[in-house]
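Asker: Following is a predicted model, sequence given first.
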Amino acid sequence: MKDKMTIILFSGELDRAIAAFTLATTAAASNMEVTIFFTFWGLNVLKKEMFALSPAQKLMQKMFNTMSTARLPISRLNMLGLGPWMMKKLMKKSGMASLEDLMKLAKQLGVKYIACTTSCGVLGLSGENLIGDVDEFAGAASYLSEAKDAKVNLFI
Amino acid sequence: MNVTKSLDCTGLFCPMPIVQTKRELDGMNSGEILEITADDPGFEKDLPAWCRMSGGKFLELKKEGNLIKGYVMKK
């Protein structure tokens, strides 16, 4: 049986997402079965459009989805968006893979994405707000049943 | 050493050299040897570590200036 790794991606920052996907793709390329569980701000990484708004959302859900979007900040020195712009420029210049590249690779290598239904419910997000790469919508028990057998479990 | 295939990973950073090594080896036959050239300093430790986890037999590593050349045999 293959070794397993799971990651809970709780954060919605570019740098943290890159760290998560670097490990996910490396593990998947190392003969491991990888699952990423996206919860709270981590769902921003999966948003299809910058603003994940829908008519069914309540006012406060709309506010959250307007202020916290698919345009990911960085966890330090964000400087109102200047930080991520500079970081992306530097990464491109030095030949480092972008988050988009890593996410494409993760899917090609068979990394499984689970979106947390509780977080989706609180924030008023549904399948139509998220990219089609999500394999499952599920909760803590599904995550734990995978993590229980996994050798590497990370919370990012 | 009889190198079957060469893979150029210069200019690439972690995790790309490892991911590309895996992909290249996937398409090779048992006993064939892949030569990987990289300039990410981490590759020196990462290649043997990756081989311990997965389907390649680590043969050797050569350093030529900034370049690291790794040799892996498909199991």
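Answerer: Happy to help now that I have it. Numbers count the residues shown, from 1 in each chain, chains lettered A, B, ... in the order given.

Asker: Check residue 12 and give its pLDDT.
Answerer: Defaulting to chain A. For residue A:12, the model assigns a pLDDT of 97.

Asker: Chain B was what I was after
Answerer: Confidence score, pLDDT, at residue B:12: 95.

Asker: Could you count how many residues lie near residue A:15?
Answerer: Neighbours of residue A:15 under the rule other C-beta atoms under 10 Å in any protein chain shown: 19. Using the backbone N, CA and C atoms, a C-beta is placed for each residue, glycine as well.

Asker: what bridges to the residue nearest to residue A:39 when sequence neighbours are not counted?
Answerer: Spatial nearest neighbour of residue A:39, excluding adjacent residues (C-beta to C-beta, 6 or more residues apart in numbering or on different chains): residue A:116 at 3.8 Å. Per DSSP bridges, residues listed as beta-bridge partners of residue A:116: residue A:138.

Asker: residues in contact with residue A:116?
Answerer: By C-beta atoms under 8 Å, 6 or more residues apart in numbering or on different chains, the contact list for residue A:116 reads A:37-40, A:43, A:138-140.

Asker: 7 Å - rerun?
Answerer: A:37-39, A:139 (C-beta atoms under 7 Å, 6 or more residues apart in numbering or on different chains).

Asker: could I get those residues as CSV with distance to residue B:13, neighbour count and pLDDT?
Answerer: Rendered in CSV, the data for these read as follows (distance: C-beta to C-beta, whole Å; neighbours: other C-beta atoms under 10 Å in any protein chain shown; pLDDT from 0 to 100):
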residue, distance to residue B:13, neighbour count, pLDDT
A:37, 26, 26, 98
A:38, 25, 25, 98
A:39, 28, 21, 97
A:139, 36, 14, 95
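
Asker: Please identify which pair of these lies farthest apart.
Answerer: Using C-beta to C-beta, the two most remote members of the contacts of residue A:116 are A:38 and A:139, lying 12.2 Å apart.
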